[in-house]
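Asks: Need a 3D model of the sequence below.
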Amino acid sequence: MEIGQDSLLNASPKFNGFSSQKGGGPSSKGGVEGDGFDPEWFDLKFENLDLTCEDLILEDLEDNIQENLEDGLISEALDSGVDLGNYSKQVESNLVELETGAIKDYIAQASNVCKLHKEIKTCDDILLRMETMLDTFQRDLGSISSEIQSLQSQSISMNVKLKNRQSVRGELSQFVDEMAVPEQMIQHLMDTPVSDRKFLEQLHELSVKINFVKEQNFKEAYSAKDVIDILERLKVKSIAKIREYLLDKINSFKKPLSNYQIPQTAMLKVNFFYQFLMSHERHIAKEIRDHYVDTVSKVYFSYFKTYMRRVMRLQFEDAADKYDLMGLDDTTRRGFFTSKPTVNKNKSAVFSLGNRGDILTEHLEAPALVPHAAQKVDERYTYEQLFRTVMFALMDNCCREYLFLVDFFLVSGSAAQDMFVSVFGKTLDLVKKDTTQYVNESYDAVGNFLCLHVIYRYQVIMHKRQVPALDRYWDGLSKDIWKRFHYLVDLNIQSILECDVQKMANLDLRPHYITRRAAEFCGAIISINENFCDERVTQLLAQLWGVVEGFLNRLAREFKNKKDQLILIINNCDLMLAIISERSRDESKEAESVNRTLTEKIQDFIEEVLLPHFGALIGFVKEAELMLQKGEVEQLRREETRVIQLVKSFANDWRKKMELINAECMKCFTNFKNGTHILQGALTQLIQYYHRFQKILSQAPFKNHPIRSELVNIHHLMVEVKKFKQTF
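Replies: Below is the predicted model:
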């Protein structure tokens with residue numbers, strides 16, 4: 001009800017204000033009675049109105065009326081049709097009652113109100129004291145904040161000073177450490193042996209200090225003057241000890257039977273010595289370098305000179321000579337005091353490869369031969385084996401020496417190459433001179449070609465080791481060997497061209513020794529050249545085969561029978577093709593050329609071997625096909641008697657004639673596999689001729705001839721041909 005009373009209190013003045021306007025109102029009487037108006041109340045006297053009164057604001061009147069109408073109680077009263085005068089009186093009486101009740105309640109609660117008043121006053125005092133305390137605390141906090149700010153600024157300042165001092169301290173400490181010469185350094189550099197690790201460590205420190213003091217002295221630092229004399233004396237002492245040590249190591253190379261790899265390894269462990277000399281005493285470094293080059297150059301020269309002389313004593317005595325050519329017979333070689341031909345014990349190795357090719361595979365990087373050990377067991381070697389061992393020793397020493405020069409003397413590129421030439425130049429000239437001298441006197445073309453490929457493979461190995469030191473040497477030596485190899489091939493070609501077949505005795509149809517030599521030689525060269533193909537080699541071999549083919553044609557003309565001529569060429573070509581195919585993994589150009597010639601001659605031989613037995617049949621087939629092609633049927637009809645004779649003759653003895661052909665093929669050819677192949681080709685060709693013969697008889701004018709019933713079935717021929725097919 002408190003809310004309702006407040007609403008009434010708020011609403012009451014509005015009605016009072018409205019009713020208390022001058023001119024009266026419905027405060028004492030009811031203004032509205034039913035649906036009509038009270039004329040006495042509504043009788044207004046407008047002449048008494050004061051339109052200028054400030055209390056009356058016409059502009060706001062409409063707003064006040066609207067606001068009063070929106071009040072909840074007023075709108076409720078208007079909606080219910082209540083008498084507003086009575087309602088106003090009721091409201092006023094309610095207010096009076098409420099006011100009286102409130103006063104009574106206040107009087108009843110007077111003691112409590114007094115008590116509450118005292119408590120409120122006490123609270124006010126407490127709050128006042130707290131306010132005073134908070135004000136004091138606030139002032140204290142203000143002073144503390146200013147102190148904190150002051151401390152913060154002091155901390156920042158101190159931090160900056162600390163960083164600056166630490167920076168100065170670090171640089172100054174480093175400066176002092178690099179400038180100062182500790183007693184330990186002086187002791188080790190003066191007394192410790194050069195080979196000791198501590199001496200090397202202190203030498204590093206000394207080098208750093210010398211460079212630092214020079215830099216500071218250039219900047220005119222006064223502290224540098226205090227230590228520069230001490231460092232200079234230490235440098236002189238260290239250089240003297242280093243010089244003595246390195247010269248002693250270099251001189252140890254000169255000792256007989258000494259292993260020079262040991263002092264080189266010791267020098268590589270202290271390669272900083274030479275770097276120290278280059279940095280602080282270049283003329284001493286040059287002295288060490290010149291002495292090393294002079295000493296080692298002489299050592300290598302003496303070593304290889306002695307080694308090559310001893311190794312060459314292990315060579316076979318019966319090496320190839322000018323008589324070991326393809327076109328020369330063994331009877332050409334005569335002894336000085338006898339007319340009997342001398343035989344080369346190692347002649348089989350002149351044109352064939354055998355196991356000589358092992359030096360390019362499993363023995364390529366085998367250890368070098370030890371001459372005195374081989375002499376004890378009286379072992380002998382071919383020249384290419386001795387060449388390989390010398391070149392391997394040369395390659396191994398050159399690689400090791402080149403890498404040593406790069407690591408110890410700190411050279412690279414052209415400087416390293418120049419220094420290597422200074423060390424190995426005389427030795428390389430010696431080896432090349434001796435090698436070229438032997439090569440120019442050699443008549444072993446296969447051996448020279450093996451030597452050439454040893455160079456190719458060692459050159460690849462050195463490139464893998466990243467040592468280009470011998471590239472020029474390899475190129476020069478390979479040119480000399482190739483030149484000699486080309487000359488020897490030309491000699492063999494010339495010997496075949498000059499071969500007089502009419503002077504040859506005991507000629508037969510078997511493969512000739514010149515063909516066998518050429519085949520072995522071609523197979524050897526092709527086998528060696530497979531991994532390092534050279535077009536120049538292919539051209540030489542093609543030229544050689546052309547000469548051999550010409551020789552076979554000349555040799556074949558010594559036989560009057562064409563069949564014998566073909567047999568001779570086929571046997572020789574078959575041998576050459578077999579040897580070349582055996583030596584090479586892939587089909588080579590040389591094998592293709594030989595195979596082409598062989599195929600042509602086999603086809604010619606097949607025609608020749610069929611003619612004695614089936615020549616009449618073959619001749620008729622060729623003539624009849626030509627007649628049919630020209631349309632001469634009537635002329636072909638006149639050959640009826642000949643046809644009947646051919647059919648009956650073939651049906652009676654075709655098996656017998658096949659047996660004769662088989663026996664002839666097996667007898668003529670040394671290679672049974674090739675003979676069987678030729679036999680099959682001949683019989684196949686026969687079947688084709690007979691098939692063409694049957695085709696002719698199946699046409700006019702023999703289409704309906706009764707002799708066709710006596711023709712042999714082609715399938716019977718094919719079955720019989722298969723019986724002659726043997727497996728080898």
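
Asks: what about the stretch 601-728 of the chain, any weak spots by pLDDT?
Replies: Under the criterion of pLDDT under 70, the regions of the stretch 601-728 of the chain flagged as low confidence span 726-728.

Asks: rerun that using 90 as the cut-off
Replies: Residues of the stretch 601-728 of the chain meeting the criterion pLDDT under 90: 627-641, 643, 655, 661-680, 696-714, 716-728.

Asks: Mind pulling up the pLDDT for residue 261?
Replies: In this model, residue 261 is scored at 85, pLDDT.

Asks: so which strand or helix has residue 396?
Replies: helix 383-408 (DSSP states H and E).

Asks: Now do the buried residues in the helix or strand just after that helix.
Replies: On the C-terminal side of helix 383-408, the closest following helix or strand by DSSP H and E is helix 413-441. Buried positions in helix 413-441, judged by neighbour count with 16 or more other Cβ atoms under 10 Å: 416-417, 419-420, 422-428, 431, 434-436, 438-439. C-betas here are computed from N, CA, C, even on glycine.

Asks: Ok, stretch 497-514 next?
Replies: For stretch 497-514, the neighbour count (16+ other Cβ under 10 Å) marks 499, 501, 509, 511-512, 514 as buried.

Asks: Please apply the same query to stretch 157-165.
Replies: Neighbour counts over stretch 157-165 (16+ other Cβ under 10 Å) mark no residue as buried.

Asks: Averaged pLDDT, it. What do you get?
Replies: Predicted confidence along stretch 157-165 averages 87 (mean pLDDT).

Asks: same question, stretch 499-515
Replies: Model confidence over stretch 499-515 averages 86 on the pLDDT scale.

Asks: now the end-to-end length of that stretch.
Replies: Between the opening and closing residues of stretch 499-515 there is a gap of 13 Å (Cα to Cα, to the nearest Å).

Asks: what's the offset of it from the middle of its chain?
Replies: Average the C-alpha atoms of stretch 499-515, do the same for its chain, and the two points are 56 Å apart (Cα atoms, centre = their mean, to the nearest Å).

Asks: what's in contact with it?
Replies: Stretch 499-515 is contacted by residues 326-327, 329, 496, 548, 551-552, 554-555, 557-559, 564, 567-568, 571-572, 574-576, 668, 670 when judged by Cβ atoms under 8 Å, 6 or more residues apart in numbering.

Asks: now swap in stretch 549-563 and tell me
Replies: For stretch 549-563, the external contacting residues (Cβ under 8 Å, 6+ apart) are 327, 496-497, 499, 501-502, 504, 507, 509, 512, 514-515, 564-566, 568-569, 572-573, 597, 605, 608-609.

Asks: wait, which of the buried residues of stretch 497-514 is closest to residue 215?
Replies: Of all the buried residues of stretch 497-514, residue 514 has the smallest distance to residue 215: 82.9 Å, by Cβ to Cβ.

Asks: Which strand or helix spans the closest one?
Replies: Following DSSP H and E, the helix or strand that holds residue 514 is helix 513-529.

Asks: Now do the buried residues in that helix.
Replies: By 16+ other Cβ under 10 Å, the buried positions in helix 513-529 come out as 514-529.

Asks: Which residues does stretch 371-388 contact?
Replies: Counting by Cβ under 8 Å, 6+ apart, residues outside stretch 371-388 touching it are 307, 310-317, 319, 346, 349, 356, 359, 363-364, 369, 435, 438, 442, 444, 447, 450-451, 454.

Asks: Would you mind checking the residues you listed for buried ones?
Replies: The neighbour-count test (16+ other Cβ under 10 Å) marks 307, 311-312, 314-316, 319, 349, 356, 359, 369, 435, 438, 442, 444, 447, 450-451, 454 as buried among the contacts of stretch 371-388.

Asks: hmm, back to that, what is the nearest of the buried residues of helix 513-529 to residue 294?
Replies: Out of the buried residues of helix 513-529, the one with the shortest distance to residue 294 is residue 528. That distance is 41.0 Å, counting by Cβ to Cβ.

Asks: and the gap between the closest one and residue 369?
Replies: When Cβ to Cβ, to the nearest Å is the yardstick, residue 528 and residue 369 sit 22 Å from each other.
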